[in-house]
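> Output the structure for:
(2 chains)
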Amino acid sequence: MSEQTVILDGLITFYSSHHALRAEKILKQHGLNVLLVPGPREISPNCGVALQFEYRLHPSVKTILVSNHVCFEAFHHILAESSER
Amino acid sequence: MNRDRVVYFDNAATSWPKPPQVRDVMIEYFQNAVGSPGRSGHRLSIEAGRLVLSAREAVAELFGVGDSSRIAFTKNVTEALNIVLNGWLQPGDHVITSSLEHNSVMRPLRHLEQHRGVELTVLPCCHSTGSLDPNLVLEAIRPNTRLIVMTHASNVIGNLLPIKSVGAIARAHEIPFLVDAAQTAGVVPINVEDCAIDMLAFTGHKSLLGPTGTGGLYVRPGIELPPLLRGGTGSRSELELQPDFMPDSLEAGTLNVIGLAGLAASVRFLLEYGIERVHHHEQQLVGHFLKLCQDMPHIKVYGPLDARQRIGLVSFNVDGLSPSRVALELEQSFGIMARVGLHCAPAAHKTIGTYPTGTVRFSFSIFNSLSEIDYAIEALQHIITDKSSLCLNRQSSWMD
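Below you'll find the model as predicted:
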């Protein structure tokens, strides 16, 4: 487990910005590293913001969001492009 | 008596003053750059979204709502009520309401009765106390009853209605229950689960102590309402149809972000202060007023004499003087701001027998004091003493 550098290689998209902002708040409260970013148009036409997170944590992230009434569109794993740099 | 003094007893129309925190966050809004919520991914848009979220979560906490996305913001309680009444009721549906409703409920209902074929039952409340027997609700239920809508407290009499009993009846019969909390949100503890409230309409600028132009609607999960307005939401922008998920479905167009920032601050203020404490204070004020009025035979007070059945609101009349004349004297000679007339609730005045003349209404907030009540009583004593000279003026100079 060499987790010195946190890689935010996961991206959650949402239908509504309400849920994106709540997701950010709740996941931060759980001590997770997250970052609100402009939603990539090629992935989703929705609300303008998406949330980056550590993809390896996606099962627990999903559980936290569902138990807090946060509705998301999809979880994405950001591959190749960023990891090659 | 000090003519320059301002005693504000019109908090049921809009509260004043507001907590200083409200002003502070609204000034901050202009000092800091804030974008449009939910419309872009840049940080100023996100900041605006956070302000809206903070208001939504504060309101959700206040009403015991688990999922804050079930609260949609509107410009006032009237809009919130209209969303439900216009969206939910279809031709042939039956709706039950009380005889104490404000026109924000009664006018949309009468319109739907005339133009959409909605059947309406208006339950009579007690002419002296304004109380409503929940058994009347039970008896009024028909197979096609699709909604029960009721104010939580009368904006004319100030009495509380039995929403918990009515909510239980509505839930048992699987009829959605809409509560108009215009006069009670922020004064009386409200838990939507405990009272089986399916939809709750509130305004931000009265006892929630926030700015005008803010209000909202809680909608229980499982109830989907069509919107009153359709338009941009920032979500599902690829579609030319309104999204069907809360809160976006009911929030077309840019929200009043600065107002909601103020509302978040005022609701947080109230949550910290304690809603029970607010109600206790208002009951103390109204109780003190009622007690002092007992020794004033020229004053006729309407509604229950027990302050525990009230919010901090009282309607009265002075023998031999029109309500508008009393209010004018209170304001001109004593600096006391009261509301006079029918208070946009003609049905309530018909209930207590004050239609069409109306009443003088005092409505208090946590920022009013017992000494202000004493001052108002003193002012009323002066007005009663000087009544004969006031009556002479009636011939010439003023209109009711």
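> Measure how buried A:G31 is and give me the count.
As a burial measure, A:G31 scores 6 neighbours (other C-beta atoms under 10 Å in any protein chain shown). C-beta: built from backbone N, CA, C; applies to glycine.
> cool, B:P226 as well?
With other C-beta under 10 Å as criterion, B:P226 counts 13.
> How confident is the prediction for it, by pLDDT?
In this model, B:P226 is scored at 97, pLDDT.
> Contact partners for it?
Contacts for B:P226 (C-beta atoms under 8 Å, 6 or more residues apart in numbering or on different chains) come out as B:G87.
> In three-state terms, label it for me.
State at B:P226, reduced to three classes by DSSP: H, G, I helix; E, B strand; the rest coil: coil.
> Check B:C126 too.
At B:C126 the chain is in coil, as set by three-state DSSP.
> Can you get me a residue count around it?
17.
> residues contacting the nearest residue to it once chain neighbours are set aside?
In this structure, B:C126 finds its nearest non-sequential neighbour in B:L132, 7.5 Å apart by C-beta to C-beta, 6 or more residues apart in numbering or on different chains. Residues near B:L132 by C-beta under 8 Å, 6+ apart: B:S98, B:L100, B:L123, B:C125, B:C126, B:M150, B:L161, B:P162, B:V166.
> Now the second one. Its backbone dihedrals?
Translated: B:L100. Per-residue torsions, B:L100: phi -110, psi 10 (degrees, to the nearest 10).
> That one and B:G158 touch, don't they?
No - with contacts counted by C-beta atoms under 8 Å, B:L100 stays clear of B:G158, the gap being 10.4 Å.
> Could you look up the SS state of B:F269?
Per three-state DSSP, the local secondary structure of B:F269 is helix.
> Could you measure from the closest residue to it other than its chain neighbours over to B:L51?
Closest residue in space to B:F269, ignoring its immediate chain neighbours: B:P19 at 4.4 Å, by C-beta to C-beta, 6+ apart. Relative to B:L51, B:P19 is positioned 17 Å away (C-beta to C-beta, to the nearest Å).
> which of the two has more neighbours?
Neighbour totals were compared for B:P19 and B:L51, and B:L51 leads with 25 against 20 (other C-beta under 10 Å).
> Residue 65: neighbouring residues, count only.
Here I'm looking at chain A. Neighbours of A:L65 (other C-beta under 10 Å): 21.
> look at chain B instead
Count around B:V65 with other C-beta under 10 Å applied: 23.
> what's the single longest helix in the chain?
No chain in the question, so chain A it is. helix A:17-29 (DSSP state H).
> Oops, wrong one, chain B.
Scanning chain B for the helix with the most residues, using DSSP H, yields helix B:43-63.
> What angle do helix A:17-29 and that helix make with each other?
In terms of direction (axes from the mean of the first three to the mean of the last three C-alpha atoms, to 10 degrees), helix B:43-63 departs from helix A:17-29 by 80 degrees.
> Beta-bridge partners for the closest residue to chain B within chain A, please?
Residue nearest to chain B within chain A: A:P38 (2.6 Å; C-beta to the nearest C-beta). A:P38 has these beta-bridge partners by DSSP bridges: A:V49.
> the strands in chain A, which residues?
For chain A, applying DSSP state E gives strands covering A:10-13, A:35-38, A:49-53, A:74-77.
> deepest of the ones you listed, which one?
Comparing those by mean neighbour count (mean count of other C-beta atoms under 10 Å in any protein chain shown), strand A:49-53 ranks first with a mean of 24.
> Can you spell out which helices and strands pack onto that strand?
Secondary-structure packing of strand A:49-53 (3 or more C-beta pairs under 8 Å, 6 or more residues apart in numbering or on different chains; DSSP states H and E): strand A:10-13, helix A:17-29, strand A:35-38, helix B:43-63.
> Lowest mean pLDDT across those, which one is that?
Mean pLDDT values for the helices and strands packed on strand A:49-53 show the minimum at strand A:35-38, a mean of 91.
> CA atoms of stretch B:348-356 as PDB?
Provided in PDB are the C-alpha atoms of stretch B:348-356 (Å, rounded to 0.1, in the frame of the first residue of the first chain):
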ATOM      1  CA  ALA B 348     -61.200  33.700   8.100                       C
ATOM      2  CA  HIS B 349     -62.900  37.000   8.800                       C
ATOM      3  CA  LYS B 350     -66.300  35.500   7.800                       C
ATOM      4  CA  THR B 351     -65.500  32.700  10.300                       C
ATOM      5  CA  ILE B 352     -65.000  35.100  13.300                       C
ATOM      6  CA  GLY B 353     -67.700  37.600  12.100                       C
ATOM      7  CA  THR B 354     -65.400  40.500  11.200                       C
ATOM      8  CA  TYR B 355     -66.100  40.500   7.500                       C
ATOM      9  CA  PRO B 356     -66.000  43.000   5.700                       C
END
